[in-house]
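Asker: the following block contains a protein sequence and its predicted model.
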Amino acid sequence: MSLRAELLRFLVRTFLKSRKQEFDIDAWRRGMRVTERLVPPPPARSEYAEVRARGLTFHRVVMPNTRPGRNVLYLHGGGYLSGGPAHYRHFTWRIADALSATVWALAYRLAPEHPFPAAIEDAANAYAFIEDEAANTGQPLVMGDSAGGGLTLALLLKLRDEGRSLPRAAIALSPWTDLALTGASLADNASADPMLNARHLPELARLYLAGNDPRAPYASPLHGDVTTLPPVLIQVGSDEILRDDAVRMAEKLARANPRSRLEIWPRMPHAWQLFAPVLPEARQAIGNIASFVASVDAG
């Protein structure tokens, strides 16, 4: 583990991990708006644009090495309640560059104003749009972090259940896969996790679910049938409260498709890949994502 990673853990714990017992959505959203202004812009060599289509909004990024027909749908984190593509403009271009792809970061509807199943409906519609954009050039990839990682996996289930074509592969970073909150790491890593507060997750789940079953597979893909899904790469930090969401999901996926992979990174904070501008482990993780996709392409 690098010295930068140790410093990052300290800073994240000091400035980002809330010690409040109760979750305050208004304060969280205010903090996210402040954070958005601090996110570095993509480099001048990228083509970054806001695209509106079919009632959806994407932030699309294209790099000089982007291959025609190579597309990634990116689903952001934020507990289904906050965040958006603008928070990822320092990251999505790196994914586009690593995968030689066009990345479409979706601004899906957020709870509690738009609770479940609004997010997965938007994700499914976005996937259909990208499929049409990339007609006859191969299936897109789907990728997401945190809640967006869970949404990525739920989207696979929905596409499969509806008899639609599936992505070639999917990538989930620190995914939240179990809104029933049954993972042992929620308690075991409550103190070790430098970023997330386990006491807040029940309120996040309640606001998103709005009375729906927390074990519904399109909300909690851990509780779904994963047979016939494409290969999935999951990356998670060893100290995360969501570690067991990732591990249990990866075990199910690997039993159904042995090309799926799980990477547990020692002491990495939640969604550490987003710290790529300063963290060598984040850039290494992106390199692993590229290697995984290359292995899928190679068959």
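Answerer: Cool, got the structure. Numbering: from 1, shown residues only.
Asker: ok so residue 36 is a strand residue?
Answerer: No: using DSSP: H, G, I helix; E, B strand; the rest coil, the assignment for residue 36 is helix, not a strand.
Asker: relative to residue 112, how far out is it?
Answerer: Applying CB to CB, to the nearest Å, the value for residue 36 to residue 112 is 20 Å. For glycine as for every other residue, the C-beta is placed from the backbone atoms N, C-alpha and C.
Asker: what about residue 44, how many residues close to it?
Answerer: Neighbour count of residue 44, defined by other CB atoms under 10 Å: 7.
Asker: swap that for residue 75, please
Answerer: Neighbours around residue 75, by other CB under 10 Å: 30.
Asker: likewise the one 10 residues further on?
Answerer: Residues within reach of residue 85, counting by other CB under 10 Å, total 23.
Asker: give me the longest helix you can find in this protein.
Answerer: helix 280-298 (DSSP state H).
Asker: next, the buried residues of it.
Answerer: If you call a residue buried by 16 or more other CB atoms under 10 Å, then helix 280-298 has these buried ones: 281-283, 285-286, 288-289, 292-293, 296.
Asker: isn't residue 123 right up against residue 75?
Answerer: Yes: in this structure residue 123 lies within contact range of residue 75 using CB atoms under 8 Å: 5.9 Å.
Asker: shared neighbours, these two?
Answerer: Counting by CB atoms under 8 Å, 6 or more residues apart in numbering, the contacts common to residue 123 and residue 75 are 106, 108, 151-152, 155.
Asker: and which of those is nearest to residue 65?
Answerer: The closest of the shared contacts of residue 123 and residue 75 to residue 65 turns out to be residue 106 (CB to CB; 22.7 Å).
Asker: buried members of the shared contacts of residue 123 and residue 75 into PyMOL, please.
Answerer: Applying 16+ other CB under 10 Å to those, the buried members can be selected in PyMOL as follows:
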select buried, resi 106+108+151+152+155
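Asker: okay, and which of the shared contacts of residue 123 and residue 75 map to helices?
Answerer: With DSSP H as the criterion, helices contain 151-152, 155 from among the shared contacts of residue 123 and residue 75.
Asker: show me which of these is closest to residue 54.
Answerer: Distances from residue 54 to these, taken by CB to CB, are shortest for residue 155, at 16.2 Å.
Asker: apart from its chain neighbours, what residue comes closest to the closest one?
Answerer: Using CB to CB, 6 or more residues apart in numbering and skipping residues adjacent in sequence, the residue nearest residue 155 is residue 123, 4.7 Å away.
Asker: count of neighbours near that neighbour?
Answerer: By the criterion of other CB under 10 Å, residue 123 has 26 neighbours.
Asker: next: residue 25.
Answerer: Counted with other CB under 10 Å, residue 25 comes out at 16.
Asker: show me what contacts it?
Answerer: 81-82, 112, 207.
Asker: any of those buried? List them.
Answerer: Counted by 16+ other CB under 10 Å, those give 81-82, 207 as buried.
Asker: okay, those in TSV with secondary structure and distance to residue 94 next?
Answerer: Below are these laid out as TSV (DSSP: H, G, I helix; E, B strand; the rest coil; distance: CB to CB, whole Å):
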residue	secondary structure	distance to residue 94
81	coil	25
82	coil	22
207	helix	31
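Asker: and of those, the nearest to residue 40?
Answerer: residue 82 (19.7 Å).
Asker: my guess is the closest one meets residue 28, correct?
Answerer: Yes: with contact defined as CB under 8 Å, residue 82 reaches residue 28; the gap is 5.8 Å.
Asker: list the buried ones in the strand or helix carrying residue 13?
Answerer: Per DSSP states H and E: residue 13 is located in helix 3-15. Across helix 3-15, burial judged by 16+ other CB under 10 Å covers 5, 8-9, 12.
Asker: list the contacts of the nearest residue to residue 243 once chain neighbours are set aside.
Answerer: Computed as CB to CB, 6+ apart, the closest residue to residue 243 that is not its neighbour in sequence is residue 185, at 4.2 Å. Contacts for residue 185 (CB under 8 Å, 6+ apart) come out as 240-245.
Asker: kindly reformat those residues as CSV containing distance to residue 57.
Answerer: Shown next, in CSV, are the contacts of residue 185 (distance: CB to CB, whole Å):
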residue, distance to residue 57
240, 30
241, 31
242, 27
243, 32
244, 34
245, 28
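Asker: what's the spacing between the residue nearest to residue 91 when sequence neighbours are not counted and residue 192?
Answerer: Counting by CB to CB, 6+ apart, residue 274 is the residue found nearest to residue 91 once chain neighbours are left out, at 5.3 Å. Using CB to CB, residue 274 is found at 20 Å from residue 192.
Asker: element containing residue 246?
Answerer: Under the criterion of DSSP H and E, residue 246 resides in helix 243-256.
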